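Peer 1: After the sequence you'll find the predicted model.
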Amino acid sequence: MVTVDVDLNLNNNILIIGAGEAGGRIAQEFYFNGFKKVIALNTAKTDLDGLELDDENKLVIPIGTGGGAGKDPNMVRNAIDDFYDDVLRFIRSNAGGVQSVMVCVGGGGGTGGGLGIVVAQIVAELGLPVGIIYTLPLMNESTLVFVNALDNLKEIHQNAQDASISPLIVVDNNKLVQKFKPTAANFWGPLNGAIVTVVKKFNEYSQKPTKFISGLDTQDLKRLMTTGGVCAIGHFDVNEESSQEQLAEEVIKHFFMDGFDLATASASGVIVVGSEKTLGTTGSAEHISGIFDKISERLDGGMFFRGVYSDENVKYLRVYVLFNGLALPSEHINDMMKQVRAGYNKMKTQQNRLDDGIHVDFGSGVGGLFNNQQGGKTIQRKKGMPTNNIGFDESPMININTDAPRREKPKTPPVPIDNNPQSRPGMKRGER
């Protein structure tokens, strides 16, 4: 058998940027998995000191006392003008030769939440495609963390609707805890590792040849990753006893966030791997065909990219899934809203201590908080958002519009991923 040695280019084709404490941890996991172009930004030097990255790949943004943003994204947004050029130079100096950028953000925090959209805007100025990995907080977090997560997701999601940001990979940390059961001694490693593994496998296998059924090549991956909307990822193992009926449920069950409607996907990618011996059996062929059939049945005309590859370390079959262009799962967002409402009375009594809090106005319902209306091509961010205006009325409404008409499926490849600023017209710096 001839072995083909493929340069996977993990060291130079994607720049990973970690924003804030949670984002920095995810970025570090990319570094551990072979992605060498990894940098991190934070307002707290102590958080950066805890990352196993070279010092030249870390940038402290010294706002306030230099000890972090205190769960307040507005502190970052209102101060970023003073450090915008520093951040721009830092990112530009690390972006040479890359084809795309992935920004990692923990949605409930202050630094990551405040920096996420700013970093995406800077990347757009450099003419590079930008995606975001956005993690949702654990259910035992405070009400303010959930307010942050929803408010920050609102702004990022609006920019994902026209693919100014794509992919927008949304991950629920609660789902990852249930699936991987981490220990207190190593809590975030397995969770972040799961996220990184899916991105890594799609990047690796798209650059490998295959002699099995079909391959998912680099152009397929570009189309898959640039549709806009929300992106869901996951992976799972198939055993020899799995029935055809179980296969479709396995895909849904193993997304890293619950509630997605696959019929809203603009594009989907599925990679199946197994040993040479396994892939040489009729049973594995039936399972692979069943996986493809069941997924195809749930799609509503979206693009479907498939690849089958050998991996001698897999017991039987392993499946990696990536669906893009999805609507936000309203049930899960509503659960977060309920968490906010449950903490409403406590927040009312603490209002005087939140003079620098986040503005999220639920007073007239949240119908405008998330929607599928397409915006302009500029990544938007706001300066000087009102502070201490957590404007609940006595009965906050839950009314999230995620059922707007679907976008037309692209018939031609989106803008090529390259370093030419002219390749993404309209991507310009928002008002500051």
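Peer 2: Nice, thanks for sending it over.

Peer 1: Mind checking what secondary structure Val196 has?
Peer 2: What DSSP: H, G, I helix; E, B strand; the rest coil gives for Val196 is helix.

Peer 1: just use 27 as the starting number from now, easier for me
Peer 2: Got it, the first residue is 27 from now on, which makes the last one we talked about Val222.

Peer 1: what residues are up against it?
Peer 2: Ile52, Glu55, Phe56, Phe58, Asn59 (C-beta atoms under 8 Å, 6 or more residues apart in numbering). C-betas here are computed from N, CA, C, even on glycine.

Peer 1: Can you read off the backbone torsions of the nearest residue in space to Lys227 that is not next to it in sequence?
Peer 2: Sequence neighbours aside, Tyr346 is the residue nearest to Lys227 in space, at 4.9 Å (criterion: C-beta to C-beta, 6 or more residues apart in numbering). The phi and psi values for Tyr346, taken as degrees, to the nearest 10, are phi -110, psi 130.

Peer 1: wait, doesn't Tyr346 sit right on Asn229?
Peer 2: No. Using C-beta atoms under 8 Å as the test, Tyr346 is too far from Asn229 to be in contact (10.9 Å).

Peer 1: Of those two, which one has the most company?
Peer 2: Tyr346 (24 against 20; other C-beta atoms under 10 Å).

Peer 1: now the end-to-end length of stretch 185-205.
Peer 2: Taking C-alpha to C-alpha, to the nearest Å as the measure, stretch 185-205 stretches 30 Å from start to finish.

Peer 1: mean confidence score for that stretch?
Peer 2: Summarised as a single mean, pLDDT over stretch 185-205 is 91.

Peer 1: Same check on stretch 262-278?
Peer 2: 82.

Peer 1: can you check stretch 238-249 too?
Peer 2: Confidence for stretch 238-249, expressed as mean pLDDT, is 91.

Peer 1: before we move on, what about stretch 348-361?
Peer 2: 89.

Peer 1: so what's Ala291 scoring on pLDDT?
Peer 2: So Ala291 comes in at 93 (pLDDT).

Peer 1: Can you identify each of the strands in this protein by residue range?
Peer 2: Remark: strands assigned in the chain by DSSP state E are 40-45, 64-68, 84-86, 126-132, 156-162, 194-198, 256-264, 293-300, 329-336, 343-352.

Peer 1: which of those is buried the deepest?
Peer 2: Highest mean neighbour count among these (mean count of other C-beta atoms under 10 Å): strand 40-45, with a mean of 29.

Peer 1: Direction included, what does that one pair against?
Peer 2: Here strand 40-45 is paired, per DSSP bridges, with strand 64-68 (parallel), strand 126-132 (parallel).

Peer 1: could those go into TSV alongside mean pLDDT and distance to Glu167?
Peer 2: As requested, the strands paired with strand 40-45 are exported to TSV (pLDDT from 0 to 100; distance: least, C-beta to C-beta, whole Å):
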stretch	mean pLDDT	distance to Glu167
strand 64-68	94	19
strand 126-132	94	10
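
Peer 1: Can I get the ones you listed in JSON lines including distance to Arg332?
Peer 2: Below are these laid out as JSON lines (distance: least, C-beta to C-beta, whole Å):
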{"stretch": "strand 64-68", "distance to Arg332": "30"}
{"stretch": "strand 126-132", "distance to Arg332": "22"}
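
Peer 1: Name the nearest residue to Pro155, sequence neighbours excluded.
Peer 2: Ser126 (4.6 Å).

Peer 1: Could you measure from that neighbour over to Thr252?
Peer 2: 9 Å (C-beta to C-beta, to the nearest Å).

Peer 1: now Asn68
Peer 2: Distance from Asn68 to Thr252, counting by C-beta to C-beta: 28 Å.

Peer 1: can you check Asp81 too?
Peer 2: Asp81 is 34 Å from Thr252, by C-beta to C-beta.

Peer 1: Pick out whichever of these two has more residues nearby.
Peer 2: Thr252 (23 against 9).

Peer 1: ok, the more buried one touching Ser192?
Peer 2: Yes. In this structure Thr252 lies within contact range of Ser192 using C-beta under 8 Å: 5.0 Å.

Peer 1: what's the overlap in contacts for these two?
Peer 2: Joint contacts of Thr252 and Ser192 (C-beta under 8 Å, 6+ apart) are Pro155.

Peer 1: tell me the mean pLDDT for stretch 71-79?
Peer 2: 91.

Peer 1: in it, what's buried?
Peer 2: By neighbour count on 16 or more other C-beta atoms under 10 Å, the buried set for stretch 71-79 is Asp73, Leu74, Leu77, Leu79.

Peer 1: Next: stretch 281-295.
Peer 2: So stretch 281-295, judged by 16+ other C-beta under 10 Å, has buried residues 281-288, 290-295.

Peer 1: Report the distance from it to the chain centre.
Peer 2: 13 Å (C-alpha atoms, centre = their mean, to the nearest Å).

Peer 1: end to end, how far does that stretch reach?
Peer 2: 13 Å.

Peer 1: Can you give me every residue that contacts Leu325?
Peer 2: By C-beta under 8 Å, 6+ apart, the contact set of Leu325 is Leu288, Ala289, Ala291, Ser294.

Peer 1: Asn350 now?
Peer 2: 192-193, 250-251, 253-257, 291-295.

Peer 1: Could you count how many residues lie near the closest residue to Val113 other than its chain neighbours?
Peer 2: Spatial nearest neighbour of Val113, chain neighbours left out: Ile148 (6.2 Å); criterion: C-beta to C-beta, 6+ apart. The local packing count at Ile148 equals 26, with neighbours defined by other C-beta under 10 Å.

Peer 1: what does the one 3 residues further on give?
Peer 2: Per other C-beta under 10 Å, the neighbour tally for Glu151 reads 17.

Peer 1: my guess is it meets Leu114, correct?
Peer 2: Yes. Assessed by C-beta under 8 Å, Glu151 is found in contact with Leu114 at 7.2 Å.

Peer 1: and the gap between Ala48 and Gly327?
Peer 2: From Ala48 to Gly327 the distance is 36 Å (C-beta to C-beta).

Peer 1: When these two are compared, which one has more neighbours?
Peer 2: Neighbours of Ala48 and Gly327, each counted by other C-beta under 10 Å, are more numerous for Ala48; the result is 26 against 10.

Peer 1: Distance check, that one against Thr161.
Peer 2: From Ala48 to Thr161 the distance is 6 Å (C-beta to C-beta).
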